[in-house]
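A.B. asks: What follows is a predicted protein model with its sequence.
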Amino acid sequence: MATNPKFLQGKLLLDSGQLGGSFFQHTVLLVCKHDAEGAFGLVLNRTVGKAVGDLIIADLPEPLKTAPLYLGGPVQPGALSYLHTDSFIPDADVMPNLALGHSLDDLLEIGEAFSATKKVRMFAGYAGWSPGQLESEMKRKSWLTFPASLELVFETPPEQLWQKVLQRKGGWKNKLLAQTPEDLSWN
């Protein structure tokens, strides 16, 4: 009897401390899609350092224009992706009440809709894995996993996310890892 592979959609991936010197050092990624065809994720804790309206030429509503733009990953840095949540999204495709989008028209519609509970985070680029690549990285223990939550995706300051998730994960190794500086020469 064949076993189902363990897909990680809706989980967070954290640098396990083995990704030093790479793009993914100290990152927290949300796995948005993962199946036999590969995986797609977005880095949650890297901002571009500019507002969305500084880099995207479109007639966006003001709250979207002034929002920070995040660097979703090293693949296609010109590609736009966004995560959005609201009190109820029946067609959420990442996890309950969290959906992934790529269409500028849909983003405009979301931005113009009134809702006090709506949240949107926009990304340039993404992280992608070919079939079996993420599974191989998991076997090499390059990544730690943690359940994603809307609070971690939208409310935790990006500069604190990696450390906060490691501390929540618990254990002395994770607490020690959370204190590791980005540049080891600072130690």
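C.D. replies: Perfect, I can see it now.
A.B. asks: Could you list the alpha-carbon positions for the lowest-mean-pLDDT helix or strand in the chain in PDB?
C.D. replies: Taking all helices and strands of the chain together, the one with the lowest average confidence (mean pLDDT, DSSP states H and E) is helix 172-178, at a mean of 84. Written as PDB, here are the backbone C-alpha positions of helix 172-178 (Å, rounded to 0.1, in the frame of the first residue of the first chain):
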ATOM      1  CA  TRP A 172      16.600  24.700  23.900                       C
ATOM      2  CA  LYS A 173      18.100  24.300  20.400                       C
ATOM      3  CA  ASN A 174      15.400  26.500  18.800                       C
ATOM      4  CA  LYS A 175      15.800  29.100  21.600                       C
ATOM      5  CA  LEU A 176      19.500  29.200  21.000                       C
ATOM      6  CA  LEU A 177      19.100  29.300  17.200                       C
ATOM      7  CA  ALA A 178      16.700  32.300  17.700                       C
END
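A.B. asks: show me what contacts the nearest residue to residue 42 once chain neighbours are set aside?
C.D. replies: The spatially closest residue to residue 42, leaving aside those adjacent along the chain, is residue 72, at 4.2 Å (CB to CB, 6 or more residues apart in numbering). The way it works is simple: take the backbone N, C-alpha and C, and place the C-beta from them, glycine included. Contacts of residue 72 were listed using CB atoms under 8 Å, 6 or more residues apart in numbering, and they are 41, 42, 43, 81, 123, 124, 125, 126, 127.
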